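K.L.:
kindly generate the corresponding structure for this input.
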Amino acid sequence: MTDSIALIQDLNRSYGWEISDALTTTQLEDLLAETLNEWIRSDFEKLVQFLYRIDVSESKLKSLLEENTEEDTGHLLARLVLERQWQKIQTRRQFKPGETPSDEERW
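P.N.:
Now for the predicted structure:
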C-alpha cells in the first residue's frame, strides 16, 4: 500500500470523508489545502476543531506560519495535517495488537 493510499484511507475512516484512493500525495495536499482555506474564510471554528482533533502541534503551527508568510496558509496546514496523520499511521503499525516487539524495539 502506498503512502498516499494509507493517508487517504485513514482520513476517510477517521473523519468520514470520501476521498478517492486514486489521488497522489500532491493532489491530496491540494484538496486538503482547498478545504482548509475554505474553513479559514467561512468557518474558522471548524478549522480550529479539526486541527485540535488531528493534534497538530500549536507551537509548530505558529512557527511555520511566522517563517512562511508568503506561502498559502492552506498548503502549510495541509502539510502539517498529513505529516501528523502519517505519524499516527506509523505509530499504529508499530504497535499493532498481537505483535510482540523484539527485545531491541522494547528499549
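
K.L.:
mind listing the strands for this protein?
P.N.:
With strands called from DSSP state E, the chain shows none.

K.L.:
which residues of it fall in helices?
P.N.:
3-15, 25-42, 44-54, 58-67, 73-94, 103-106 (DSSP state H).

K.L.:
below-threshold pLDDT in this structure: ranges please.
P.N.:
For the chain, applying pLDDT under 70 flags the ranges 1, 98-107.

K.L.:
picking that back up, can you lay out the helices of the chain as a markdown table showing mean neighbour count?
P.N.:
Heads up, the C-betas are built off the backbone N, CA and C, glycines and all. Listed next are the helices of the chain as a markdown table, based on neighbours: other Cβ atoms under 10 Å:
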| stretch | mean neighbour count |
| --- | --- |
| helix 3-15 | 16 |
| helix 25-42 | 16 |
| helix 44-54 | 13 |
| helix 58-67 | 11 |
| helix 73-94 | 16 |
| helix 103-106 | 8 |
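
K.L.:
who's in contact with Ser20?
P.N.:
By Cβ atoms under 8 Å, 6 or more residues apart in numbering, the residues touching Ser20 are Ile8.

K.L.:
where's it relative to Thr2, distance?
P.N.:
With distances taken as Cβ to Cβ, to the nearest Å, Ser20 is found 13 Å from Thr2.

K.L.:
same check on Lys60?
P.N.:
Distance from Lys60 to Thr2, counting by Cβ to Cβ: 26 Å.

K.L.:
hmm, Arg79 is touching Asp30, no?
P.N.:
No. Checked against Cβ atoms under 8 Å, the pair Arg79 and Asp30 is beyond contact range at 11.1 Å.

K.L.:
what comes into contact with stretch 46-56?
P.N.:
So stretch 46-56 is contacted by Tyr15, Leu36, Trp39, Ile40, Leu61, Leu77, Leu80, Val81, Arg84, Gln85 (Cβ under 8 Å, 6+ apart).
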